[in-house]
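Q: return atomic coordinates for the entry below.
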Amino acid sequence: MEYVVGLLPVVGGTAIGLSTQTGVKTWYKTLKKSPLNPPPFVFGPVWTILYLLMGYSSVLVVRQVGFFHPAMLTYFLSVGLNFAWTPIFFVW
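A: The predicted model follows:
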């Protein structure tokens, strides 16, 4: 069960990323962005690393305190909001 928790951000993030590619490829490229905005090829690897680290951290927490701990509930809320933000921003 703990490994399912660890894979959640990676699998979910990949699914959300693939489902929002149209919005990223169309209107997002036309926005006027800051000169400090990183190039588009950076986002995929950076988000993958972040989601891997989130998953690994969640496995460590589940091993220490269990699945039904307030820390894990906060984690699931945070991951859920993170997943919800992407389609809201890029699709709607």
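Q: quick one: the residue nearest to residue 38 when sequence neighbours are not counted from residue 22, how far?
A: Taking CB to CB, 6 or more residues apart in numbering, and ignoring the residues beside it in sequence, residue 38 has residue 46 as its nearest neighbour in space, at 8.0 Å. The C-beta positions use only the backbone N, C-alpha and C, and glycine is treated the same way. Relative to residue 22, residue 46 is positioned 21 Å away (CB to CB, to the nearest Å).
Q: next one: residue 9
A: If you measure residue 9 against residue 22 using CB to CB, the figure is 22 Å.
Q: same question, residue 90
A: Residue 90 sits 8 Å away from residue 22, taking CB to CB as the criterion.
Q: picking up where we left off before, mean confidence for the host helix or strand of the residue nearest to residue 38?
A: For residue 46, the element it lies in under DSSP states H and E is helix 43-65. Confidence for helix 43-65, expressed as mean pLDDT, is 91.
Q: give the buried residues for it.
A: Neighbour counts using 16 or more other CB atoms under 10 Å place 47, 51, 54, 55, 58, 59, 61, 62 of helix 43-65 among the buried residues.
Q: again, but for stretch 74-83
A: Buried residues in stretch 74-83, defined by neighbour count with 16+ other CB under 10 Å: 75, 79, 82, 83.
Q: which of the residues you listed lies closest to residue 41?
A: Closest to residue 41 out of the buried residues of stretch 74-83 is residue 82 (21.4 Å), distances taken as CB to CB.
Q: mind checking which of residue 9 and residue 22 has more residues around it?
A: Between residue 9 and residue 22, counted using other CB atoms under 10 Å, residue 9 has the larger neighbour count: 25 against 11.
Q: go ahead and confirm the more buried one touches residue 59.
A: No: using CB atoms under 8 Å, residue 9 and residue 59 do not qualify as a contacting pair, with a distance of 10.8 Å.
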